[in-house]
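J.: build me a structure from this.
(one chain, ligands or ions: 1)
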Amino acid sequence: MLRPQIPERAAAVVERIRDFLDAHVLSDPDLSGPERFREILPKLQKLRAKVREAGLWAPFLPEAWGGLGLPLTEFAHVSEALGRSPLGHYLFNCQAPDVGNMEVLLEFGTPEQQQRWLKPLAAGDIRSCFSMTEPEFAGSNPVHMATTAVLDGDEWVINGHKWFTTAADGAAFAIVMAITDPDAGPYDRASMIVVPTDTPGFELVRNISIMGTPGADHASHAEIRYTNCRVPRANLIGPLGSGFTIAQKRLGPGRIHHCMRWIGICERAFELMCERAATRELAPGRLLGTRQTIQNWIAESRVEIDAARYLVVETARRIDEVGSSGARAEISAIKFHVAGVLQRVVDRAIQVHGALGITDDLPLAWWYAHERGARIYDGPDEVHKTVVARNELKRYGVDVR
Ligand SMILES: Cc1cc2nc3c(=O)[nH]c(=O)nc-3n(C[C@H](O)[C@H](O)[C@H](O)COP(=O)(O)OP(=O)(O)OC[C@H]3O[C@@H](n4cnc5c(N)ncnc54)[C@H](O)[C@@H]3O)c2cc1C
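T.: I've put the predicted structure just below:
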């Protein structure tokens with residue numbers, strides 16, 4: 001296996017995380033996945049306390065906020081280690097969308113917003129969600145939306161219809177993207193506003209059933225209606241009209257987190273695939289791994305995972321160097337490429353396991369169903385491919401719009 005060198009401090013954290021997951025999570029059949037999230041919550045809370053005691057809490061957060069202060073290039077490796085379990089990121093308080101919301105509040109929140117929302121989020125005392133996509137509009141073009149926030153005295157009055165608000169069930173607040181100036185240019189029309197979920201007019205219509213399960217708590221995606229939801233003017237995040245600028249900043253590091261989490265999933269699926277190939281007998285003494293088709297899948301998966309990791313780590317370095325907008329094409333490239341690797345590796349691992357592969361005894365079926373969304377959320381493949389192709393064609397003097 002070829003892999004980029006992990007910086008020394010991150011390597012130590014990664015090793016401790018692997019040990020923790022092996023000892024407490026991967027060996028526990030109750031914790032194979034988030035299907036019964038609410039039922040296993042007491043167990044998860046105990047494990048979260050253990051993570052804190054071990055000094056491994058929220059590695060991406062600055063130390064002043066109770067984290068380990070790892071920069072993006074180091075946290076990327078941690079995200080991979082956590083991805084080995086579908087519950088890893090939650091246990092270490094690095095789960096989407098809270099991680100993105102914490103980053104937004106850290107960079108753009110006022111001191112009051114940070115005390116009120118970031119502090120309990122960083123401590124893991126509350127959860128949050130991010131409400132942008134609307135069922136009536138193509139989420140691929142996020143500037144196209146109908147939710148409005150209108151100032152009335154010292155309050156924003158919010159009206160709108162959102163869906164796929166991940167983890168809204170049980171969240172303490174939503175960061176809502178709403179149009180605050182309909183007359184401004186497309187990228188300056190919207191703002192992010194904090195809406196506590198106990199605000200009158202905030203209605204969680206349903207947890208949307210996905211691939212046969214509506215999920216619950218952190219492991220869910222909700223449809224939400226905002227009807228004359230009134231929140232203080234001070235709940236606006238950043239300058240008026242900066243919603244898309246903030247979203248763009250949020251998405252760069254967010255895609256590194258996702259891609260490295262997917263690589264962690266790939267590694268676990270790969271381990272399971274190899275273990276099965278090395279132990280399953282087709283006939284006495286004739287192992288599955290002796291078949292060339294299986295060997296092809298192992299070889300192809302190994303190289304695809306290793307290559308994907310190099311791309312993501314290099315992209316994280318580019319973001320550190322030139323920022324998210326300077327690394328836009330690279331970010332788009334890893335987003336669609338790694339989502340494809342994830343889908344292929346998990347599919348091969350399932351096939352190698354035969355019927356066992358689609359049971360819930362292993363995490364493979366969960367990933368197969370619930371990570372299908374990887375090719376859609378944070379921008380579908382096709383949109384990211386357009387970004388990469390446009391960037392390439394520019395070198396040939398063509399500006400494709
Ligand atoms: C698991 C999951 C979690 C999510 N979590 C959140 C969340 O927490 N908060 C939130 O606000 N949203 C969330 N979303 C929504 C997500 O951001 C949108 O689904 C995504 O932006 C795509 O929008 P859409 O579903 O409206 O698809 P559409 O925009 O309707 O696109 C449909 C399809 O059209 C094709 N297409 C689109 N644009 C182009 C193009 N330019 N060229 C060629 N083909 C194109 C693609 O194949 C695409 O899949 C989540 C989605 C999923 C699946």
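J.: separation between the closest residue to Thr133 other than its chain neighbours and the ligand?
T.: Distances taken as CB to CB, 6 or more residues apart in numbering place Gly139 nearest to Thr133, at 4.1 Å, with adjacent residues excluded. For the C-beta atoms, the positions are set from N, CA and C on the backbone; glycine is no exception. With distances taken as CB to the nearest ligand atom, to the nearest Å, Gly139 is found 2 Å from the ligand.
J.: what pLDDT is listed against Gly139?
T.: Looking at Gly139, its pLDDT stands at 95.
J.: ok, residues contacting stretch 31-51?
T.: By CB atoms under 8 Å, 6 or more residues apart in numbering, the residues outside stretch 31-51 that reach it are 20, 24-25, 28, 30, 57, 85-87, 90-93, 124, 213, 215-220, 360-363, 366.
J.: around the ligand, pick out the residues from the stretch 51-200 of the chain.
T.: Pro97, Phe130, Ser131, Met132, Thr133, Ala138, Gly139, Ser140, Phe164, Thr165, Thr166 (CB under 6 Å from any ligand atom).
J.: try it again with 8 Å
T.: 96-97, 129-135, 137-142, 162-167, 177 (CB under 8 Å from any ligand atom).
J.: buried ones among those?
T.: Applying 16 or more other CB atoms under 10 Å to those, the neighbour count classes 96-97, 129-134, 139, 142, 162-167, 177 as buried.
J.: can you list which of those residues are found in strands?
T.: Secondary structure assignment by DSSP state E places Cys129, Phe130, Ser131, Lys162, Trp163, Phe164, Thr165, Thr166, Met177 of those in strands.
J.: which element is Val205 on?
T.: Under the assignment given by DSSP states H and E, the secondary-structure element containing Val205 is strand 202-207.
J.: what's that strand packed up against?
T.: For strand 202-207, the elements it packs on are strand 221-232, judged by 3 or more CB pairs under 8 Å, 6 or more residues apart in numbering; DSSP states H and E.
J.: next one: the strand it packs on to chain centre, how far?
T.: With CA atoms, centre = their mean, to the nearest Å as the basis, the distance from the averaged C-alpha position of strand 221-232 to the chain average is 23 Å.
J.: which other helices and strands contact whatever helix or strand comes next after that strand?
T.: Helices and strands here follow DSSP H and E; after strand 221-232, the next one along the chain is strand 236-237. Other elements packing on strand 236-237 under the criterion 3+ CB pairs under 8 Å, 6+ apart are helix 98-108, strand 190-196.
J.: wait, which of these is closest to Arg3?
T.: For the helices and strands packed on strand 236-237, the distance to Arg3 is smallest for helix 98-108, at 23.4 Å, taking CB to CB.
J.: who does that closest one touch, helix- and strand-wise?
T.: Using 3+ CB pairs under 8 Å, 6+ apart as the contact criterion, the elements in contact with helix 98-108 are helix 119-122, strand 128-131, strand 236-237, helix 243-279.
J.: quick one: average pLDDT of the first one?
T.: Pointing back at helix 119-122 there. Averaged across helix 119-122, pLDDT comes to 98.
J.: can you list the residues of the stretch 251-400 of the chain near the ligand?
T.: Taking CB under 8 Å from any ligand atom as the criterion, the neighbours of the ligand within the stretch 251-400 of the chain are 370, 373-383, 386.
J.: could you turn the buried ones of these into a ChimeraX selection?
T.: Here is the ChimeraX command that selects the buried residues among those (16+ other CB under 10 Å):
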select :370,374,375,377,378,379,380,381
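J.: select from the residues of the stretch 251-400 of the chain next to the ligand every entry located in strands.
T.: Per DSSP E, these never map to strands.
J.: list the contacts of stretch 97-110.
T.: Counting contacts by CB under 8 Å, 6+ apart, the residues outside stretch 97-110 that touch it are 58, 60-62, 65, 89, 113-114, 117-118, 121-122, 127-130, 166-167, 175, 192, 234, 237-238, 242, 246, 249-250, 253-254, 257.
J.: now with 6 Å, please.
T.: Stretch 97-110 is touched from outside by 114, 117-118, 121, 127-130, 166, 175, 237-238, 246, 250, 254, with contacts defined as CB atoms under 6 Å, 6 or more residues apart in numbering.
J.: min pLDDT across those residues, which one?
T.: The member of the contacts of stretch 97-110 with the lowest model confidence is Arg250, at 81 (criterion: pLDDT).
J.: for that one, what are its contacts?
T.: Each residue near Arg250 by CB under 6 Å, 6+ apart is listed here: Gly100, Val104.
J.: how much space separates Pro59 from Gly83?
T.: Pro59 sits 13 Å away from Gly83 when distances are taken as CB to CB, to the nearest Å.
J.: before we move on, what about Ala277?
T.: 22 Å.
J.: looking at the two, which has the bigger crowd around it?
T.: Each of Ala277 and Gly83 has its neighbours counted (other CB atoms under 10 Å); Gly83 has more, 25 against 20.
J.: so the more buried one touches Arg268, yeah?
T.: No: Gly83 is beyond contact range of Arg268, at 7.4 Å (criterion: CB atoms under 6 Å).
J.: what does the strand holding Val205 rub up against?
T.: With CB under 6 Å, 6+ apart as the contact definition, strand 202-207 has outside contacts at Ala168, Asp169, Pro214, Gly215, Ser220, Ala222, Glu223, Ile224, Arg225, Cys229.
J.: in space, what's closest to the first one - neighbours in sequence excluded?
T.: For Ala168, the nearest residue in space outside its immediate sequence neighbours is Ala222; the separation is 3.8 Å by CB to CB, 6+ apart.
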